[in-house]
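In: Pasting the sequence and the predicted model now:
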Amino acid sequence: MMKITKQLTSWLAVLMLTLFMASCSKSAPELVPELSLSTAGDLSFAGNSSSSSFRIVSNTDWVIATSQPWCTVNPASGNGNANISLSIAKNNAFEQRSASVTVTAGSLSKNFNVIQAAGDSLNIAVSEYNLAQAGGEITVSFLTSGNYTVTVNDSWITKNAAKSLSNKSESFTIAPNKSIFKRNGTITFTTGGASKTVSVSQTGLSLTIADDITGVPSDAKTLVSKMKLGWNLGNSLEAPSSETAWGNPATTQQFITSVKNAGFNAIRIPCAWNSYVANEATLQIKESWLNRVKEVVDYCYANDMYVIINIHWDGGWLENNPFYAKQEIVNNKQRIFWEQIAVNFRDYDEHLLFAGTNEVHADYGTPTTEHITVQQSFNQTFVNTVRSTGGKNGYRNLIVQTYNTNIDHGVNFMTMPTDRVPDRLIVEVHYYDPWDFAGQEDSGYKTQWGAGYTDVSTWGQEDYLINQFKKVKTKFIDKNIPVILGEYGATRRSNLTGEALTKHIESRNYYLKTVTATAVANGIVPFIWDNGATGNNGMAIFNRNNGNVVYPDMLQAIKEGAVK
């Protein structure tokens, strides 16, 4: 019995080993892959660079492929569940674009599309334009992915009516360049985050053209004979900061017409230029200022008047510097200014005259050799510069000044500039003698002038006046050099009262009449100084606001003197 039990136990052990070996040799069951993505469908992006993410849920290895290089993923392969970063580059194209993203895990594959809008892109066909002085129209063609704006950065470039977006072009008008300087401007196109600039350059007026005598046939003597009585638009366009800075209103056509109707057929317009430069490095005068001076000149032309424009005090950069140390720099600046002035007024006929300077002086004493030499170099620079511009300026009558526009200094020291055109120069002097009557405002001034009056200066009465103007006639007029009396006058002492005021007004009118008559008698054209001030110490004839004559007696005295 015991032997049977041992055999059974051995047999069962063999059977169990056999079954165990059989189970070990049998193949493991095959894994079923799984794959899902967190994206519910296609993904859309704006045109700029951006990023997003999605999640992979998988039980096996996986890889990701994108169809376009602008769409990238990280990581691009892995095992099991993972978060995937999706990066989209900026769309520099002008159209929408798409890419497919495919995730493969074993035998499974899932995909979605990435759709990106057109970028904020801009492409300019031609970004640089060069135009001639006359200007014209340019058309800028471009490509853009959407709406855009146009910014014109210079007033001489004008955007025309917008073309349709599909046409992808804009047109611009370039105004004529009235300066001798080349100018550069820009037009900026902007769409979203993209911006492109178009450069526009334009040449200036020709500095020199051929001489043209058309419209300027009269020599100096003939032209001056046509000017009967002159008037100064004082304290207006020569004010350094603005035309109205010294209290006068802006000049109007109506006002200039009033001056003409009052009996004046010539106007001297003192002008500042250095105070109105647009570029200190080049000394280019502001176009707006040149246009304003031309506007006032045109007011005079509309009344068939003769007009003089000059370089006046203007802070004294020229007027106060007759010194060797300043000679070169002042002459250079004067040349640059007169090139611009002369070219801008080159087409005006002989009704327009240029006067080079004003009252150039170092002090009020007798000039030294240095003072005279430098001051007369200013006259020569002026003549040379204007003539060099050609056109009507080749023959235009020009006015040059004595030192400090003083009669004695002119008689004793002045040498006329050389001119390549004969008989086209005019001399200018001023007269405010005696100063204690004519202009002095502090204590000690005199209120009367002339024979028969008592509160008069010890000098500068009728005989002095007559002798001064005779010297002008002998020095210049008898030698066929015409002369204008560019400024003269006497301040009105309106603070006086009673008999003192009456006598002052009588003697002042007598002075104005006598100076005017003496000038005319000697062939000198008088230009009365009017500073626009009608109160005490003023020199005005007119109310600048409405053109009315404020002091008819003053006007009458001047007109009576002019016909003597």
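Out: Okay, I see it. This structure is a prediction, so every number in the text was calculated from the model and none was measured.
In: Give me the residue at the spatial middle of this protein.
Out: The residue lying closest to the centre of the chain (C-alpha atoms, centre = their mean) is residue 286, at 3.9 Å.
In: Which parts of this protein are helices?
Out: With DSSP state H as the criterion, the chain has helices at 2-25, 220-226, 253-261, 287-301, 324-344, 369-388, 407-413, 435-438, 462-475, 498-521, 552-562.
In: which stretches of the chain have low pLDDT?
Out: The chain contains residues with pLDDT under 70 at 1-29, 120, 162-167, 564.
In: So it: which segments form each domain?
Out: Split into domains by automatic domain parsing, the chain comes to 35-116, 122-202, 220-445+458-493+523-550.
In: Between the two ends of the first one, how far is it?
Out: Going back to what we said before, that points to domain 35-116. Taking C-alpha to C-alpha, to the nearest Å, the first and last residues of domain 35-116 lie 26 Å apart.
In: roughly how far out does that domain sit from the chain middle?
Out: Taking C-alpha atoms, centre = their mean, to the nearest Å, one finds domain 35-116 lying 57 Å from the centre of the chain it belongs to.
In: I'd like to know how many residues surround the spatially closest residue to the residue nearest to the centre of the chain that is not a sequence neighbour.
Out: For residue 286, ignoring the flanking residues on the chain, the nearest one in space by C-beta to C-beta, 6 or more residues apart in numbering is residue 278 at 4.5 Å. Every residue, glycine included, has its C-beta placed from N, CA and C. Counted with other C-beta atoms under 10 Å, residues neighbouring residue 278 total 15.
In: so residue 278 sits right up against residue 287, yeah?
Out: Yes - contact status for residue 278 versus residue 287: in contact at 7.4 Å, counting by C-beta atoms under 8 Å.
In: Please name the bridge partners of the closest residue to residue 149 other than its chain neighbours.
Out: Counting by C-beta to C-beta, 6+ apart, residue 149 lies nearest to residue 190, which is 5.0 Å off, once chain neighbours are set aside. Beta bridges link residue 190 to residue 149, residue 195, judged by DSSP bridges.
In: Tell me which stretches of the stretch 101-250 of the chain form strands.
Out: Using DSSP state E, counting those that start in this stretch, the strands of the stretch 101-250 of the chain run over residues 108-116, 122-124, 128-131, 136-144, 149-152, 157-159, 169-174, 183-191, 194-202, 230-232.
In: quick one: the residue nearest to residue 286 and residue 144, what's the gap?
Out: Note on residue 278: its distance to residue 144, by C-beta to C-beta, to the nearest Å, is 34 Å.
In: What of residue 511?
Out: Relative to residue 144, residue 511 is positioned 75 Å away (C-beta to C-beta).
In: okay, these two: which has more neighbours?
Out: The neighbour count for residue 511 versus residue 144, taken as other C-beta under 10 Å, is higher for residue 511 (26 against 21).
In: Could you dump the strands of the stretch 101-250 of the chain into CSV with distance to residue 82 added?
Out: Compiled in CSV, the strands of the stretch 101-250 of the chain are given as follows (distance: least, C-beta to C-beta, whole Å):
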stretch, distance to residue 82
strand 108-116, 14
strand 122-124, 39
strand 128-131, 52
strand 136-144, 40
strand 149-152, 45
strand 157-159, 55
strand 169-174, 51
strand 183-191, 39
strand 194-202, 36
strand 230-232, 92
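In: Out of the ones you listed, which is closest to residue 385?
Out: Residue 385 lies closest, by C-beta to C-beta, to one member of those: strand 183-191, at 21.7 Å.
In: For the closest one, buried residues please.
Out: For strand 183-191, burial by neighbour count (16 or more other C-beta atoms under 10 Å) applies to 183, 185, 187, 189, 190, 191.
In: returning to that earlier point: and the residue nearest to residue 286, what is it in contact with?
Out: Residues in contact with residue 278 (C-beta atoms under 8 Å, 6 or more residues apart in numbering) are 284, 285, 286, 287.
In: which of the domains of the chain sits most buried?
Out: Compared across the domains of the chain, domain 220-445+458-493+523-550 shows the largest average neighbour count, a mean of 19 (mean count of other C-beta atoms under 10 Å).
In: Just put the domains of the chain in a markdown table and tack on distance to residue 209.
Out: Shown next, in a markdown table, are these (distance: least, C-beta to C-beta, whole Å):
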| stretch | distance to residue 209 |
| --- | --- |
| domain 35-116 | 49 |
| domain 122-202 | 12 |
| domain 220-445+458-493+523-550 | 4 |
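In: Out of those, which gets nearest to residue 502?
Out: For the domains of the chain, the distance to residue 502 is smallest for domain 220-445+458-493+523-550, at 11.5 Å, taking C-beta to C-beta.
In: how long is that closest one from one end to the other?
Out: In terms of C-alpha to C-alpha, the two terminal residues of domain 220-445+458-493+523-550 are separated by 34 Å.
In: now the end-to-end length of stretch 255-270.
Out: 17 Å.
In: Same check on stretch 392-399?
Out: This stretch, stretch 392-399, spans 15 Å end to end (C-alpha to C-alpha).
In: Can you tell me what sits against that stretch?
Out: By C-beta under 8 Å, 6+ apart, the residues outside stretch 392-399 that reach it are 210-220, 223-224, 308, 310, 342, 345-350, 352-356, 382-383, 386-387, 419, 421, 424-428, 484, 486.
In: again, only this time at 7 Å
Out: 211-213, 215-216, 220, 223, 308, 342, 346-350, 353-356, 383, 386-387, 421, 424-426, 428, 484 (C-beta atoms under 7 Å, 6 or more residues apart in numbering).
In: In TSV, list the buried residues of strand 183-191 along with distance to residue 122.
Out: Converted to TSV, these look like this (distance: C-beta to C-beta, whole Å):
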residue	distance to residue 122
183	25
185	19
187	13
189	6
190	8
191	5
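In: Just give me the closest of these to residue 35.
Out: residue 191 (42.0 Å).
In: can you tell me how far that closest one sits from residue 146?
Out: Using C-beta to C-beta, residue 191 is found at 6 Å from residue 146.
In: Could you do residue 138 as well?
Out: Separation of residue 138 from residue 146 (C-beta to C-beta): 24 Å.
In: ditto for residue 367
Out: Look at residue 367 and residue 146: by C-beta to C-beta, they are 72 Å apart.
In: Among the contacts of residue 278, which pair sits farthest apart?
Out: Maximum pairwise distance in these, criterion C-beta to C-beta, is 8.7 Å, between 284 and 287.
In: who touches both of the two?
Out: Contacts common to residue 284 and residue 287, judged by C-beta under 7 Å, 6+ apart, are residue 179.
In: picking that back up, didn't the residue nearest to the centre of the chain look like it was pressed against residue 276?
Out: Yes - using C-beta atoms under 7 Å, residue 286 is in contact with residue 276, at 5.0 Å.
In: circling back: nearest to residue 103, out of the helices of the chain?
Out: Smallest distance to residue 103 across these (C-beta to C-beta): 37.6 Å, for helix 2-25.
In: got the contact list for residue 268?
Out: By C-beta under 7 Å, 6+ apart, the contact list for residue 268 reads 230, 232, 308, 486, 527.
In: circling back to that earlier point, need the contacts of residue 278 in TSV (columns: distance to residue 159).
Out: Output for those, formatted as TSV (distance: C-beta to C-beta, whole Å):
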residue	distance to residue 159
284	25
285	27
286	23
287	19
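In: for these, which one is nearest residue 91?
Out: Among the contacts of residue 278, residue 287 lies closest to residue 91 (C-beta to C-beta), at 44.0 Å.
In: got the contact list for that closest one?
Out: Counting by C-beta under 7 Å, 6+ apart, residue 287 touches 178, 179.
In: let's see 8 Å
Out: Residue 287 is in contact with 156, 178, 179, 278, counting by C-beta under 8 Å, 6+ apart.
In: Then residue 168?
Out: Counting by C-beta under 8 Å, 6+ apart, residue 168 touches 141, 142, 143, 144.
In: Touching, the first one and residue 127? I think so.
Out: No - counting by C-beta under 8 Å, residue 141 stays clear of residue 127, with 10.8 Å between them.
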